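Asker: have a look at this fold, sequence not included:
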């Protein structure tokens, strides 16, 4: 198993540009989520999905869109990037159910100029 | 809503010193508790977790944590730290039957030789 993979590892955008951060897992996990990590703020949940076709907002969803057309993939879209979205983005997945551990991807470092 | 507090933001220790990192959470119901570690330049890895049963949980690399329900605490301990323990440590809580994790702001640990 490759686990949770994320691409790209690093990206520089100009304000107003759009891009998609990719996340994939090969563990047949139902639950997937996106976090952003900022200094002194820990990890904050952006969006999550409990299964294909089902998504919901987390703590900081503004400026981000997600979709879940397959179990394996959970892309995060920035439609019009802003400097406030400069951050490190982590994707995570887990089996469905309450007592399951989330596994994290390696992260995408995004710089918006 | 659930929340997590990590009171120590930066900790500096000498090798072989004992470590205790504080974590307090606020949630009135049943919780799952986690400690994750992020080594420099790497993604989050699970150190240990508490779901139920023995409140003293042992994890990888000699770490342990004790769940004290009456204090809403889940402090991380290690009797003798090593230089390789230099990393950022995150406490996380999941409550309410859902799958969403709430993270603390993290504790940066530096172990000096």
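Answerer: Yep, that arrived. Here the structure is a predicted model, which means the values were calculated and not measured. Numbering: from 1, shown residues only, chains lettered A, B, ... in the order given.
Asker: list the residues that contact residue A:75.
Answerer: A:20, A:21, A:22, A:23, A:66, A:67 (C-beta atoms under 8 Å, 6 or more residues apart in numbering or on different chains). Any C-beta I mention is one placed from the backbone N, CA and C, and that applies to glycine too.
Asker: and residue A:46, what element?
Answerer: Taking DSSP states H and E as the criterion, the element that holds residue A:46 is strand A:42-51.
Asker: quick check: mean pLDDT across that strand?
Answerer: Averaging pLDDT along strand A:42-51 gives 92.
Asker: list the buried residues of that strand.
Answerer: Of all the residues in strand A:42-51, those buried under the rule 16 or more other C-beta atoms under 10 Å in any protein chain shown are A:42, A:43, A:44, A:45, A:46, A:47, A:48, A:49, A:50.
Asker: what is it packed up against?
Answerer: Secondary-structure packing of strand A:42-51 (3 or more C-beta pairs under 8 Å, 6 or more residues apart in numbering or on different chains; DSSP states H and E): strand A:31-38, strand A:54-57, strand A:64-66, strand B:87-95, strand B:102-103.
Asker: measure residue A:36 to chain B for me?
Answerer: Distance, residue A:36 to chain B, using C-beta to the nearest C-beta, to the nearest Å: 11 Å.
Asker: just list whatever residues bridge to that residue.
Answerer: Counting by DSSP bridges, residue A:36 forms beta bridges with residue A:44, residue A:89.
Asker: quick one, strands of chain B?
Answerer: In chain B, the strands defined using DSSP state E lie at B:3-5, B:10-14, B:19-21, B:24-26, B:31-38, B:45-50, B:56-58, B:64-68, B:73-78, B:87-95, B:102-103, B:107-112.
Asker: for those strands, which one sits closest to residue A:72?
Answerer: Closest approach to residue A:72 among those (C-beta to C-beta): strand B:45-50, 21.4 Å.
Asker: mean confidence score for that closest one?
Answerer: pLDDT averaged over strand B:45-50 gives 93.
Asker: bridged to the residue most central in space within chain B, which residues?
Answerer: Taking C-alpha atoms, centre = their mean, the centroid of chain B lies closest to residue B:35, which sits 3.6 Å from it. Taking DSSP bridges as the rule, residue B:35 bridges to residue B:48, residue B:91.
Asker: close to chain B: what parts of chain A are there?
Answerer: When proximity is defined by C-beta under 8 Å from any C-beta of the partner chain, chain A lies next to chain B at A:31, A:33, A:35, A:40-45, A:48, A:50, A:58, A:90, A:92, A:94, A:96-107.
Asker: who's in contact with stretch A:3-20?
Answerer: Contacts with stretch A:3-20, where a contact means C-beta under 8 Å, 6+ apart, come from A:21-27, A:75-83, A:89-93, A:103-113.
Asker: give me the mean pLDDT for that stretch.
Answerer: Mean predicted confidence for stretch A:3-20 is 96.
Asker: need the contact list for the spatially most central residue of chain A.
Answerer: Note on chain A: the residue nearest the mean C-alpha position is residue A:34, at 2.9 Å, using C-alpha atoms, centre = their mean. Shown here is residue A:34, whose contacts under the criterion C-beta under 8 Å, 6+ apart are A:21, A:23, A:45-48, A:58, A:64, A:66, A:74, A:76, A:89-92.
Asker: sorry, back to before: filter the contacts of stretch A:3-20 to the buried ones?
Answerer: The buried subset of the contacts of stretch A:3-20 - by 16+ other C-beta under 10 Å - is A:21, A:23-25, A:75-76, A:78, A:81, A:89-93, A:103-108, A:110, A:112.
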